[in-house]
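[1] For reference, the sequence and a predicted model appear below.
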Amino acid sequence: MHFLITGAAGFLGSALANRLVKENHTVRGLDDLSTGDPAALSSEVHFTRGDVNDRPKLWTLLQGVDCVYHLAARVLVPESVLYPREYNQVNVGGTVTLMEAMRDVGVRRVIFISSGAIYGERLDQPISETAIPAPRSPYAVSKLAAEFYVRTIAALWGMEAVCLRVFNAYGPGQHLPPVHAPVIPNFLRQSSSNGTLVVHGSGLQTRDYIYVDDAVDAMRAAATAEAVDQAIINVGSGVETSMRDLVRLAMTVTGGQPEVVYNPRSDNGPSRMCADLSLAAKLLEFQPKTPLETGLRLTLEQDSRLQRK
């Protein structure tokens, strides 16, 4: 098959691209490199630097493509609070531009990588796809709006659309910005160096962490699965892990003795997050394979940035 991946140089995008070329598919990648690293891509990926809002460039890249994976997005929740207009421009506007270009060229299927963040605070766990979204940040709002655009434009023009709501993905190579770093690589790096682990809130809040290879399994399955048009599907581990348990696991895996600081006054987001994977199992035959401790060990072993210097 011939694929286009937007956001191809990012964490999930590069892992997906490398998997697809390893399976002998033809892969074109687009990324503006605002956070991505083209060095993470296999030399067999046909990479182009560019903006997802560049419609003429999209027309060129979409020629002969069977399926598009749309991952290009701004993804930092705290940053979205400060710059909601930029998040709307990229995450929503870029999605609409891509859908228009796909319509013009006649691409058959799009797989939009959304986020579990759109659910917000939920008392009922695990969270099924029928739960009414209650986004709590401009980032989450932008992902939900993009879902509606993808499904609506696809339905109007005879394209197949699948939305995958990926929960907290992690693994080697995850982007580590100087501020608002993702929790798992940050905890592993700080624990390895006996630094400081800052836990926002009480530490009792839970999240669903999915290892990158498992997330790619689900994304890969969505390209060829049948009867998935207009489907919204959760992708996670199906396991709740509290921040306190994550601290303990990070210390176990690294052997470090970091200082653990709790900041009870900071906003720690939803109190609980766990994906119901029933639909993913049914439609994608998806079953995550990597327990959290195993994934943390693999991440530490394969990412030298997180190891003790």
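    Arrived safely, thanks for sending.

[2] Gly203 contacts Val247, doesn't it?
    Yes. Contact criterion Cβ atoms under 8 Å: Gly203 and Val247 qualify, at 7.1 Å. (Glycine included, C-beta is placed from N, CA and C.)

[3] All the strands of this structure, residue numbers only.
    2-6, 26-31, 46-49, 67-70, 109-115, 160-166, 168-170, 196-200, 206-207, 209-211, 231-235, 241-242, 259-263 (DSSP state E).

[4] do you know which of the ones you listed lies nearest Ala146?
    Nearest to Ala146, of all the strands of the chain, is strand 109-115, at 6.6 Å by Cβ to Cβ.

[5] Sheet-wise, list the partners of that closest one with their directions.
    Here strand 109-115 is paired, per DSSP bridges, with strand 67-70 (parallel), strand 160-166 (parallel).

[6] Kindly present the strands of the chain as a markdown table, with separate columns for mean pLDDT.
    Below are those laid out as a markdown table (pLDDT from 0 to 100):
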| stretch | mean pLDDT |
| --- | --- |
| strand 2-6 | 98 |
| strand 26-31 | 98 |
| strand 46-49 | 98 |
| strand 67-70 | 98 |
| strand 109-115 | 98 |
| strand 160-166 | 98 |
| strand 168-170 | 98 |
| strand 196-200 | 93 |
| strand 206-207 | 96 |
| strand 209-211 | 98 |
| strand 231-235 | 98 |
| strand 241-242 | 98 |
| strand 259-263 | 93 |
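
[7] among these, which is nearest Leu300?
    Using Cβ to Cβ, the nearest of the strands of the chain to Leu300 is strand 168-170, at 11.2 Å.

[8] so what does the closest one touch, helix or strand wise?
    The contact analysis (3 or more Cβ pairs under 8 Å, 6 or more residues apart in numbering; DSSP states H and E) places strand 168-170 against helix 183-192, strand 209-211, helix 212-224.

[9] Which one, of the ones you listed, ends up nearest to Thr254?
    With Cβ to Cβ as the criterion, Thr254 lies closest to helix 183-192 of those, at 4.3 Å.

[10] and Thr294, how far is that from Tyr211?
    Distance from Thr294 to Tyr211, counting by Cβ to Cβ, to the nearest Å: 8 Å.

[11] Those two: which is more packed in?
    Tyr211 (24 against 12; other Cβ atoms under 10 Å).

[12] Okay, that one and Leu58: tell me how far apart.
    Applying Cβ to Cβ, the value for Tyr211 to Leu58 is 31 Å.

[13] Tabulate the strands of the chain in a markdown table, adding columns for distance to Ala225.
    Listed next are the strands of the chain as a markdown table, based on distance: least, Cβ to Cβ, whole Å:
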| stretch | distance to Ala225 |
| --- | --- |
| strand 2-6 | 15 |
| strand 26-31 | 19 |
| strand 46-49 | 25 |
| strand 67-70 | 11 |
| strand 109-115 | 10 |
| strand 160-166 | 8 |
| strand 168-170 | 20 |
| strand 196-200 | 37 |
| strand 206-207 | 26 |
| strand 209-211 | 18 |
| strand 231-235 | 9 |
| strand 241-242 | 28 |
| strand 259-263 | 42 |
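
[14] Mind checking these for the one nearest to Lys289?
    When the strands of the chain are compared (using Cβ to Cβ), the closest one is strand 209-211, at 8.1 Å.
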